[in-house]
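Participant: Dropping the sequence and predicted coords here.
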Amino acid sequence: MSDDSTYLAIYLGTMDSPKVAAWNAMPEAEQKAKGREGLAAWHAWVETHKDAIVVMGGPLGKTKKIGPAGIEDISNGLSGFTVVRAASFEAAARMFEDHPHFALFPGDSVELMPVLPVPGM
């Protein structure tokens, strides 16, 4: 990738993961406190990386799959996204080390991929 390439970060997590079960087992007051801590950390992450964020993105809702057989409701592990710009794939990946999505919230991981140019365009 060349300098200042664009990368799509996908936040992953499933409702049946052990981390979600542990989160749900916490008393409500503890969940709320941990949620406030997580949101503060997420806002701090955004502030730290604001110059690199191309599209803030956000949480993702229910999923519909559209294919040759029609439209159907499905479930997957996609829970959110952000688009960033960085000098290299490694630099982009380092932005998400210890991200609040999985460090404080019960998310599983962040997957990162380069956004490639459309051939012939």
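Facilitator: Arrived safely. Residues are numbered from 1 along each chain as shown.

Participant: Outside of stretch 36-43 itself, list whatever touches it.
Facilitator: Counting by CB atoms under 8 Å, 6 or more residues apart in numbering, the neighbours of stretch 36-43 from elsewhere in the structure are P100, H101, A103, L104, F105. All C-beta atoms are positioned from the backbone trio N, CA, C, and that covers glycine.

Participant: Was I right to think the second one contacts E111?
Facilitator: No - H101 sits out of contact with E111 when judged by CB atoms under 8 Å, with a separation of 11.0 Å.

Participant: Between the two, which is the more surrounded one?
Facilitator: The neighbour count for H101 versus E111, taken as other CB atoms under 10 Å, is higher for H101 (24 against 14).

Participant: Am I right that the more buried one falls within a strand?
Facilitator: No - going by DSSP: H, G, I helix; E, B strand; the rest coil, the assignment for H101 is helix, not a strand.

Participant: Without its sequence neighbours, what residue ends up closest to it?
Facilitator: Closest residue to H101 in three dimensions, ignoring its sequence neighbours and counting by CB to CB, 6 or more residues apart in numbering: G107, at 3.9 Å.

Participant: Can you tell me the element that neighbour falls in?
Facilitator: Using DSSP states H and E, G107 sits in no helix or strand.

Participant: so what pLDDT did it get?
Facilitator: Here, the pLDDT recorded for G107 equals 94.

Participant: my guess is it contacts I10, does it?
Facilitator: No - taking CB under 8 Å as the definition, G107 is not a contact partner of I10, at 10.7 Å.

Participant: Those two: who's more crowded?
Facilitator: For G107 versus I10, the count of surrounding residues by other CB under 10 Å is larger for G107: 22 against 17.
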